[in-house]
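Enquirer: can you look at this prediction? I've put the sequence above it.
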Amino acid sequence: MNARALPSAFPTRPPARRLLHLDAMKALAAQLIVLHHLAAYGPIAETVQTLWPALIAWLYEYGRMAVQVFLVVGGFLSARALAPAGRPLQGRPLELLWRRYLRLVLPFFAAVLLTLACSALVAPLLPELVPASVSAPQLLAHALLLHDVLGYEALTVGAWYVAMDLQLFALMLALLWLARACGPAARWLGPVLLLLVCAASLYLFNRDAGLDIWAPYFFGAYGLGALMHWLCLSARPGLGLSLLGLLALGALMLDFRERLLLALLTAGLLFWLQRRHEQGRAAVLLRGPLAGAVAHLGTHSYALFLVHFPICLLLNALFEHRDPEHPWAAVAAMLAAWGLSNLAALPFYRWIEAPAGRLRLGWARTQEA
């Protein structure tokens, strides 16, 4: 193996200015989501369950809760991008929303097409894991990230989260735009509006499962992450942290939700790690040789989230064809699917996600002209 190829394939140092604690959170959440789906779909999961029923049950029940980590981290990063250093909204709202849409939907739709191609291959063996039919309106709804809203069956796992990410970003963008329109009060009005919508989500919207295709249902976790951005900029964040803690604890007492507890704990950990980062005191695991691995896994977390299900389909079909009744063969197949998913995320990020993030269309191109 060419030693010179190692740094680019698996960097030993993170790029400058990376927030490695956020990379670590995203990486861990992405891995858990992959394991959750491997434990939830197909003959591999069913066969491994005969060997380790408690593990498969735990991954199925609790692995999906890693989405709360994505929501909290996503809220923090969106607030940091839209209102850097605590300033009012920066940029034109429609342009910002368009760029966010492109960054999300181009890799997502590529993953949908890849999933459909793999579905066609495995359909004879695993018809229960693939869509019964695919229509042009269904594809268009996915391209517009409106599949849930319009009532179409999702064509790949995690499709709901990509659509929700855009909705949440749009809602935060609207709140910060409204605050900026109020003039001099924008600096403090933005966080106040986010706090009010966050509270409404925790106490009202998030308690109605019928609203889970709309941003207000998830804005509690997303808003907690966003508010941590502003609190980390405060010289005296104690009062704000106490207020948020009481708000979340009150919501838990009103209606205990494990997902909300995880979001609260994630937000608290994020605040602590971000403050340590600002003081130059990184966590031990985020230093030295491990830092490059953490940055690598965090960078490729969205690619992994998108591309792992086609790999899961192919490995399940191969297992069903070759050795569907041997538990240890199923364990090997599950580990292979996990490892290959991480490997597949590398070219997907390099050739699809990264170019999509650099693409400039519409408003952005006009601004650069």
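Expert: Yes, it's here.
Enquirer: which strands and helices lie in contact with the host helix or strand of Gly75?
Expert: According to DSSP states H and E, Gly75 maps onto helix 67-82. Counting contacts by 3 or more CB pairs under 8 Å, 6 or more residues apart in numbering; DSSP states H and E, helix 67-82 packs against helix 20-40, helix 159-181, helix 215-233, helix 258-278. (Glycine included, C-beta is placed from N, CA and C.)
Enquirer: what about Pro355, which helix or strand?
Expert: helix 354-358.
Enquirer: what's that helix in contact with?
Expert: 102-103, 106-107 (CB atoms under 8 Å, 6 or more residues apart in numbering).
Enquirer: circling back to that earlier point, rebuild the helices and strands packed on helix 67-82 as JSON lines, extending it with mean pLDDT.
Expert: Shown next, in JSON lines, are the helices and strands packed on helix 67-82 (pLDDT from 0 to 100):
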{"stretch": "helix 20-40", "mean pLDDT": "96"}
{"stretch": "helix 159-181", "mean pLDDT": "96"}
{"stretch": "helix 215-233", "mean pLDDT": "96"}
{"stretch": "helix 258-278", "mean pLDDT": "94"}
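Enquirer: figure out which of those helices is closest to Pro324.
Expert: helix 20-40 (15.7 Å; CB to CB).
Enquirer: go through that closest one and flag the buried ones.
Expert: 20-40 (16 or more other CB atoms under 10 Å).
Enquirer: cool, stretch 176-187 as well?
Expert: For stretch 176-187, by 16+ other CB under 10 Å, it's 176-177, 179-180, 186.
Enquirer: picking that back up, tell me the angle the following helix or strand past the helix holding Gly75 makes with helix 67-82.
Expert: For helix 67-82, the following helix or strand on the C-terminal side (DSSP H and E) is helix 93-122. With axes from the mean of the first three to the mean of the last three CA atoms, to 10 degrees defining the directions, helix 93-122 sits at 150 degrees from helix 67-82.
Enquirer: mind checking how far helix 93-122 is from the chain centre?
Expert: Helix 93-122 has its C-alpha centroid displaced from the chain centroid by 14 Å (CA atoms, centre = their mean, to the nearest Å).
Enquirer: please apply the same query to stretch 137-152.
Expert: With CA atoms, centre = their mean, you get 19 Å for stretch 137-152.
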